[in-house]
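Participant: pasting the structure only:
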């Protein structure tokens with residue numbers, strides 16, 4: 001089957017503004033990385049030895065295991081911890097600029 005005949009060009013008069021996010025901002029400021037975030041989500045649920053084994057899981061699966069299959073609750077609790085933490089100088093400026101860019105959608109690798 002010739003798939004090219006089914007592929008129609010996609011034209012629009014509007015290019016959406018998409019904010020691409022990852023943890024690069026946090027890494028640039030030596031803030032929390034995914035390993036720390038997921039370890040925080042797990043609380044004291046796992047020993048260091050067990051955590052070393054679990055870290056071999058892909059991040060999406062590790063997040064579910066770390067929260068005991070309560071990811072929504074775990075993220076809400078973790079967000080409260082990070083909201084109360086101090087933002088490093090300069091990081092807040094970059095975050096505010098990103099938020100005020102007028103994006104229409106957010107795309108994350110996570």
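Facilitator: All right, it came through fine. Please read these numbers as outputs of a predicted model, since none were measured by experiment. Numbering: from 1, shown residues only.

Participant: Going by C-alpha atoms from here, please, whenever you check contacts or count neighbours.
Facilitator: OK.

Participant: Name the single longest helix found in this structure.
Facilitator: Ranked by residue count, the top helix of the chain under DSSP state H comes out as helix 71-84.

Participant: Okay, residue 71 and residue 92: tell me how far apart.
Facilitator: 26 Å (CA to CA, to the nearest Å).

Participant: Also residue 46?
Facilitator: Per CA to CA, residue 46 is found 33 Å from residue 92.

Participant: Over to residue 40?
Facilitator: Residue 40 sits 22 Å away from residue 92 when distances are taken as CA to CA.

Participant: And the pLDDT for residue 34?
Facilitator: According to the prediction, residue 34 has pLDDT 76.

Participant: quick one: least confident helix or strand in the chain?
Facilitator: Every helix and strand in the chain was compared by mean pLDDT, DSSP states H and E; the lowest is helix 24-28, with a mean of 70.

Participant: Next secondary structure element downstream of it?
Facilitator: Scanning forward in sequence from helix 24-28 by DSSP states H and E, the next helix or strand is helix 34-42.

Participant: Surely residue 78 and residue 41 touch.
Facilitator: Yes: between residue 78 and residue 41 there is a contact at 6.4 Å, judged by CA atoms under 8 Å.

Participant: Does residue 106 fall in a helix, a strand, or a coil region?
Facilitator: strand (DSSP: H, G, I helix; E, B strand; the rest coil).

Participant: what's the neighbour count on it?
Facilitator: Counted by other CA atoms under 10 Å, the residues lying close to residue 106 total 10.

Participant: When residue 71 and residue 92 are compared, which one has more neighbours?
Facilitator: residue 71 (15 against 12).

Participant: Quick check: the gap between the closest residue to that one other than its chain neighbours and residue 24.
Facilitator: Using CA to CA, 6 or more residues apart in numbering and skipping residues adjacent in sequence, the residue nearest residue 71 is residue 64, 5.7 Å away. Counting by CA to CA, the separation of residue 64 from residue 24 is 22 Å.
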